[in-house]
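[1] With the sequence up front, the predicted model follows.
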Amino acid sequence: MMTSLRRSIRPEQVRELILILVIVALVLFFGTQVEGYYSSRTFTRISTSIAVLAVVAVGETLVFLTRNYDLSVGSIVGFAAFFVGTQLSFYKDIPPFAAVLMAVGIGTLMGSFNGVLVAYGRVPAIIVTLGTMAIYRAMLVEYPGNKIVQMSALPIWAQEFSRVNVFQLEDFELRLIVGIALAVVIVFQLVLTYLPYGRRLYAIGSNPDAARIAGFPHQRIVFIAFVLSGALAGLAGFMFMGRFGNLTVVAGMGMEMQAIAAVVVGGTSTTGGVGSAFGTLLGASMIGLLDQSLLRWRLISEFWRDALLGLLILLAVAGDRVIVDRVRTLWARSELQLRPSVATVRQEESVHGS
Amino acid sequence: MVHSATSLPQRFLGWLKSWEGLLLGLLIVVLIINSSLVPAYLSVGNQVNLFILFIEKSIIALMMTFIIINGEIDLSVASLMGLSAGTMARLFELGVPSGLAVVAALCVGLICGAFNSFWVTVVGLPSLVVTLAGMIAYRGLVWVLVEDRSISVLPAWLNDLGQKPIVGPFPFALLLFFTLAIVGYVILQYSGFGRLVYVIGINSDVARYSGVNVRRVKMSLFIASGFIASLAGLLYAARLGAMRSSTAEGFELDIITMVLLGGVSIFGGSGSLRGVFLSILIILNLRNGMGLAYLSANVQTGVIGLLLILSVLVPNLASSLRARMARRREMMRSLEMAESR
């Protein structure tokens, strides 16, 4: 019984289960603290805030899987949001489809700049993205125009964008933004699980040298991971613009920290090779939930948000190192113990048989 | 450093061709351009004034050199600057004697440094992640302390210390920087501890197997980094005469650029304070020059970011080009040999 259970459940799944339980506990806890917490309005507010973060964080997950970091995503989100917002307020007849494409295109371009430098220029990702974080932000600030995008200047469809539902059941509403985020998570979960490209990301992250020797196009895989991260940040930028409408030059600032927090809390290893898009969604949910709930919790000031976020990252990473690694070795050991016993049984059978 | 038995001029020429020589050339170019834009640019008074604008970052860059050579990184320094300034300002505001407030702020730096070092050395987490979390958390604590206000009532003696020169034109922070630079240089190049910093940076496993107490070295470096960062935070608040929650936000970019542009390898094990000193001079003169050319602070930061990337990309490209040329030369030689046979 125990062994079959152990075989069908991986340690990563136990971790995700724990995360779900923590999220449920948090919801129950805040339900007792905040008045009118269980309402469709709270759900909409929290879910839309999770949605933007989740899309960025899924891109960050891909980069993390290859043992790299992308600190520039916050600036990419900001630039894409700002650029598309400015264009839309000047040219009101741009169709929604073209606007999305524009945002994703900008993100792709910026991501590929990161990717070229990391994969082909062999510059460590931390340096490249620390640099491009500043460069992209400078591009945003210096972008000609009046440094501000106003909701009222946007075309009607963009103003309505954040209130469009994909699904509605009486009071309960599932916003289009949330639907997009869920679609992104599902697509990338499938890519990571079933496509050769997804599996190669894990291979590179768990042992870059072995992956290179095995003949994987190492540089191209890392490059594409950065491109995808940029593209998703661009898409998130579009969602960001739709959600807030009013933008200043600090749009998306600090988003990279939240995304990294979501990725790490979601169980992706900081040394590559372990993680999933679904875990990242859970991580993003937890951070979005805390973020939005702390705002409404009377007992402590909202200024505790970042301090708690930092602590959460540390605890998640340390918990991984101390607990999950131990569980993993325990799992592996029990597998090893299982095999010799099967072998001895066979041996005994053959002895008796002869 | 390789000390070969060559004459002094030859060694000097060799040094000029190295990274540090390149930095010196770059510095001279920047200085020439700047002094052509502004008369009396190179006067002592102007250079001192320039240096003071970057003095806190420069002090931290000295410490960061040790950490990066040791193969680690500390991204939490800028947040710690804010936290120490916030602690001091808030305590003083609440009526705590100024001396005690300053000591408490320095203690906060020590504690946060010890906190970072605990996760890195005892739990064994990568310092990048630990100090990234620290960067968020310490900045969060500043927000808790001072919220969205600005505190401009600081101890008078601290303001004087930050703003008034004590010896000639030099204020306290500048003297402290030069003292720390000399002490740091001696420790890094000539002491046993300095050697250990390099050895661990080259390969910490080998160092551990040879009996080096890796944990103790790393711990003392992170604690020292926390202390220096909190000291720099106090100096910064003293110089500006005020602090708010966003004080020193984003300083880590400049600091890390100073260190890496100075020729310190991000993978640890190589680099020197001489190079870092040169790159500090370059960055502060470059930023000033861009200011003279009416570029905004954000563009300046963008250029620094570009410089950071280039400081690693250029040596990488050069080394791969050199390897390719060596391979081609090898191939030509073997072809010639085959022909002559």
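    That came through fine. Here the structure is a predicted model, which is why all the values come from computation and not from measurement. Numbers count the residues shown, from 1 in each chain, chains lettered A, B, ... in the order given.
[2] Show me the strands in chain B, by range?
    If you assign secondary structure with DSSP state E, the strands in chain B sit at B:150-151, B:165-167, B:170-171, B:243-244.
[3] And the residue of the stretch 151-300 of chain A that's closest to chain B?
    Minimum separation of the stretch 151-300 of chain A from chain B (Cβ to the nearest Cβ) falls at residue A:270, amounting to 4.8 Å. Where C-beta positions appear, they are placed from N, C-alpha and C, glycine not excepted.
[4] list the contacts for the closest residue to that residue other than its chain neighbours?
    Leaving aside its chain neighbours, residue A:270 sits nearest to residue B:129 (4.8 Å; criterion: Cβ to Cβ, 6 or more residues apart in numbering or on different chains). Counting by Cβ atoms under 8 Å, 6 or more residues apart in numbering or on different chains, residue B:129 makes contact with A:264, A:270, A:313, A:317.
[5] Would you tell me what helix or strand residue A:29 is located in?
    Residue A:29 is located in helix A:11-33, with elements delineated by DSSP states H and E.
[6] Not counting its neighbours along the chain, what's nearest residue B:257?
    residue B:308 (4.2 Å).
[7] Identify the residues contacting residue B:263.
    For residue B:263, the set of contacting residues under the criterion of Cβ under 8 Å, 6+ apart consists of B:19, B:20, B:23, B:270, B:271, B:272, B:275, B:276, B:279.
[8] Most neighbours among those, which one is it?
    The most neighbours of any of the contacts of residue B:263, using other Cβ atoms under 10 Å in any protein chain shown, belong to residue B:276, which has 29 neighbours.
[9] Just name the closest of the contacts of residue B:129 to residue A:226, please.
    Proximity of those to residue A:226 was ranked by Cβ to Cβ; the top entry is residue A:270 with 17.1 Å.
[10] what about the closest one, how many neighbours?
    Taking other Cβ under 10 Å as the definition, residue A:270 ends up with a neighbour count of 23.
[11] Please name the residues that touch it.
    When contacts are counted by Cβ under 8 Å, 6+ apart, residue A:270 touches A:64, A:264, A:317, B:125, B:126, B:128, B:129.
[12] Please, which helix or strand holds it?
    Per DSSP H and E: residue A:270 is located in neither a helix nor a strand.
[13] what's it sitting at in phi/psi?
    Geometry field for residue A:270 lists phi and psi as phi -80, psi -10, criterion degrees, to the nearest 10.
[14] quick one, what contacts residue 159?
    Picking chain A for this. A:151, A:152, A:245.
[15] try chain B instead
    By Cβ under 8 Å, 6+ apart, the contact list for residue B:159 reads B:238, B:241.
[16] still on that earlier bit, return the member of the contacts of residue B:263 nearest to residue B:135.
    Taking Cβ to Cβ as the measure, residue B:276 is the one of the contacts of residue B:263 closest to residue B:135, at 21.4 Å.
[17] burial measure for the spatially closest residue to that closest one that is not a sequence neighbour, as a count.
    With Cβ to Cβ, 6+ apart as the criterion, residue B:276 has its nearest non-adjacent residue at 3.5 Å, and that residue is residue B:262. Counted with other Cβ under 10 Å, the neighbours of residue B:262 add up to 26.
[18] Just checking stretch A:81-90 against chain B, any contact.
    No - contact of stretch A:81-90 with chain B is not found when judged by Cβ under 8 Å from any Cβ of the partner chain; the minimum separation is 13.3 Å.
[19] can I get the CA coordinates of that stretch in CSV?
    Extracted C-alpha coordinates of stretch A:81-90, given in CSV (Å, rounded to 0.1, in the frame of the first residue of the first chain):
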residue,chain,number,x,y,z
ALA,A,81,2.1,48.3,-21.6
PHE,A,82,3.2,51.9,-22.0
PHE,A,83,4.1,51.6,-25.7
VAL,A,84,0.8,49.9,-26.7
GLY,A,85,-1.1,52.3,-24.5
THR,A,86,0.5,55.3,-26.1
GLN,A,87,-0.1,53.9,-29.6
LEU,A,88,-3.8,53.2,-28.8
SER,A,89,-4.4,56.6,-27.5
PHE,A,90,-3.0,58.2,-30.6
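[20] give the contact list for residue 34.
    By default, I'm working from chain A. Contact partners of residue A:34, counting by Cβ under 8 Å, 6+ apart, are A:42, A:293, A:296, A:297, A:298.
[21] Actually, chain B is the one I wanted.
    By Cβ under 8 Å, 6+ apart, residue B:34 lies in contact with B:41, B:285, B:288, B:289, B:292.
[22] Excluding chain neighbours, what is closest to the first one?
    So the one you mean is residue B:41. Here the nearest residue to residue B:41 in space, its sequence neighbours aside, is residue B:35; by Cβ to Cβ, 6+ apart that works out to 3.9 Å.
[23] separation between the one you found and residue B:28?
    The spacing between residue B:35 and residue B:28, counted by Cβ to Cβ, to the nearest Å, is 11 Å.
[24] If you count surrounding residues, which of these two has more?
    In this comparison of residue B:35 against residue B:28, neighbours counted by other Cβ under 10 Å, the higher total goes to residue B:35 at 16 against 11.
[25] ok, the more buried one to residue A:219 distance?
    Looking at residue B:35 against residue A:219, where the rule is Cβ to Cβ, the gap reads 44 Å.
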